[in-house]
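Participant: Sequence and predicted model, in that order:
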Amino acid sequence: MTLRLKLMLGLVALTATGLILTIVATVVALRGYLVDRVDVRLRAVEQVARLPLAAVLAGAPTGSRPVLERAIAPTDYVVEARRTDGEILRVAGPADRSPPLLAEIATGKATGEITGETTGTTAPPADGTPFTVTHSGERYRAVLDHVPGGEVLIAQPLATVRDTLRRLVVAAAVAALVVLAAIATLAWLLLTRGLRPLRVVASTASAIAAGDLSRRVPEGPPRSETGQLSRALNIMLGQIQAAFTARVASQNNLRRFAADASHELRTPLTSIRGYVDLLRAGMVPPAETDDTLRRVAEETARMQTLVDDLLYLAHLDELRPRDRVDVDLVTIAEDAAANLRAVDPGRPVTVEVEAGPEAGRHVLGDPDALRQLLGNLLTNARVHTPAGTTVTVRVTGWDAATPAQDRAAVLAVEDGGPGMPPEVARHVFDRFYRAAGSRARGRSGSGLGLSIVAATAAAHGGRAEVSSTPEGGTTFRVYLPGGVSDQTPADQA
């Protein structure tokens, strides 16, 4: 059974219960009202017929009966009198009724109810008090009164009341069925419309299960239950898609790592194996043995450097949480510039700091990783520019007035070298990318130096960019989120 059908049946059941209770209450109230009206008429008839009936009981001639019948209109009343000697006179009522109602009450064959309650006895109520009796399957409302010479019973059948109530029940039942049918139809239409978002959710879930992770549930009004459900589902789907994308990216990085490693390690391994085979076969003259071993050592060192770079990139691809501390970019820039001067004393290297608050030059990061990042950029500038080319390290801090989420410090390395064409600049951060021309080799010729720069920037929540022209001049910029953590050093430890 669907949720829509359950809700509709529940609503119809509740409505039917309410209608039944309403009909019962209406019937009870109307029955009481009609019986009260009968009682009023009975008392009126009693007052009119009291004296004539007393005269009949006192021995008046029977010719007075027509006078009584005219006085006791309408004629559907049952009027009976009983003398003290037990004789019962039927004054008004159906002539074919036998035995008289008074006789039935006296013998206990008529059940009695006083004001709606069953007495369980034949004792009549007080004079002038209406009560209900059942005689020969017919219910009567009666008044018993003691007069000189005997007692008088005036009764009226409750068939009219019964018929009225029966017609009311039939009419109410028909109306209730019509109302229930209308409510069921409206409930079905409204529930169909109201549960439409749930069907959309179900279809979206089916599409996602089939592999379409980009599907989202249309969001309804934010205060409605379906709107809140849709929003929560979209958030959950976004997280699932992000996790799945990260998983796919991790698998792709692993495959690329394995492919790149096997490709790049093939050349040094082939060289080492060739030299070792020559040495084992005795094909290398003794005078060239040291030179051959030196080449084996160089290829081994090159392979070791390549493996270290690949492992470091794999570590950055995992995006593991790293211990972040407050890092002063100016200090790192000055240290990197000093290292370049030591390696290439003849190259002019300057460090420039843009004007701004001192705090704007601080970021949260891994100092060792940022030192390697800047070292790779300076090594790239040293290797790919002629000797004596000026290299400038520029640090631009973030402005304190900038919103926290938009703060970013910029670490830039500018050189006056030959530059690079746009097609090379687009791939300069790709792993193992080597372009032909003056900027053909990265650090140690592996093509991983700038890839490490881009991966380190991404691991810090930033990015790396390059701008260059073939006419000359290349600038690498690394954007790092600015700001210092509110935690104390003790907390960070």
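Facilitator: Noted; the coordinates are in hand.
Participant: ok, which stretches of the stretch 101-250 of the chain are strands?
Facilitator: In the stretch 101-250 of the chain, the strands defined using DSSP state E, counting those that start in this stretch lie at 111-114, 117-118, 131-135, 138-147, 150-157.
Participant: Correction: the previous question concerned the stretch 301-450 of the chain.
Facilitator: Ranges of strands within the stretch 301-450 of the chain are 325-328, 349-353, 362-365, 391-396, 408-415, based on DSSP E, counting those that start in this stretch.
Participant: so can I have CSV of the ones you listed showing distance to Leu3, mean pLDDT and mean neighbour count?
Facilitator: Using the backbone N, CA and C atoms, a C-beta is placed for each residue, glycine as well. Listed next are those as CSV, based on distance: least, Cβ to Cβ, whole Å; pLDDT from 0 to 100; neighbours: other Cβ atoms under 10 Å:
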stretch, distance to Leu3, mean pLDDT, mean neighbour count
strand 325-328, 55, 87, 17
strand 349-353, 66, 91, 15
strand 362-365, 50, 86, 23
strand 391-396, 59, 91, 20
strand 408-415, 50, 90, 22
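Participant: Relative to Leu186, which of these is closest?
Facilitator: Closest approach to Leu186 among the strands of the stretch 301-450 of the chain is made by strand 408-415 (58.5 Å; Cβ to Cβ).
Participant: Alpha carbons of that closest one, as PDB, please.
Facilitator: Only the C-alpha atoms of strand 408-415 are listed here, as PDB (Å, rounded to 0.1, in the frame of the first residue of the first chain):
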ATOM      1  CA  ALA A 408      45.300  35.800   0.200                       C
ATOM      2  CA  ALA A 409      49.000  36.500   0.300                       C
ATOM      3  CA  VAL A 410      50.900  36.300  -3.000                       C
ATOM      4  CA  LEU A 411      54.400  34.900  -3.400                       C
ATOM      5  CA  ALA A 412      55.800  35.700  -6.800                       C
ATOM      6  CA  VAL A 413      59.100  34.900  -8.600                       C
ATOM      7  CA  GLU A 414      59.900  37.200 -11.600                       C
ATOM      8  CA  ASP A 415      62.800  36.700 -14.000                       C
END
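Participant: by how many degrees do that strand and strand 349-353 diverge?
Facilitator: Interaxial angle of strand 408-415 relative to strand 349-353 (axes from the mean of the first three to the mean of the last three Cα atoms, to 10 degrees): 160 degrees.
Participant: for the chain, longest helix please?
Facilitator: Longest helix in the chain, counting residues (DSSP state H): helix 225-281.
Participant: Point out the other helices and strands that that one packs with.
Facilitator: Judged by 3 or more Cβ pairs under 8 Å, 6 or more residues apart in numbering; DSSP states H and E, the packing partners of helix 225-281 are helix 196-209, helix 289-317.
Participant: now the angle from the longest one to helix 225-281?
Facilitator: Our comparison of helix 289-317 with helix 225-281, counting by the same axes, to 10 degrees, yields an angle of 170 degrees.
Participant: do you know how far Leu373 is from Asp430?
Facilitator: The gap separating Leu373 from Asp430 is 17 Å, by Cβ to Cβ, to the nearest Å.
Participant: higher neighbour count, the two?
Facilitator: The neighbour comparison of Leu373 against Asp430 (other Cβ atoms under 10 Å) goes to Leu373, with 28 against 12.
Participant: Pretty sure the more buried one sits against Ala458.
Facilitator: No - the pair Leu373 and Ala458 fails to qualify as a contact (Cβ atoms under 8 Å) at a distance of 11.0 Å.
Participant: What does the pLDDT read for Gly442?
Facilitator: Predicted confidence (pLDDT) for Gly442: 39.
Participant: Cool, thanks, signing off.
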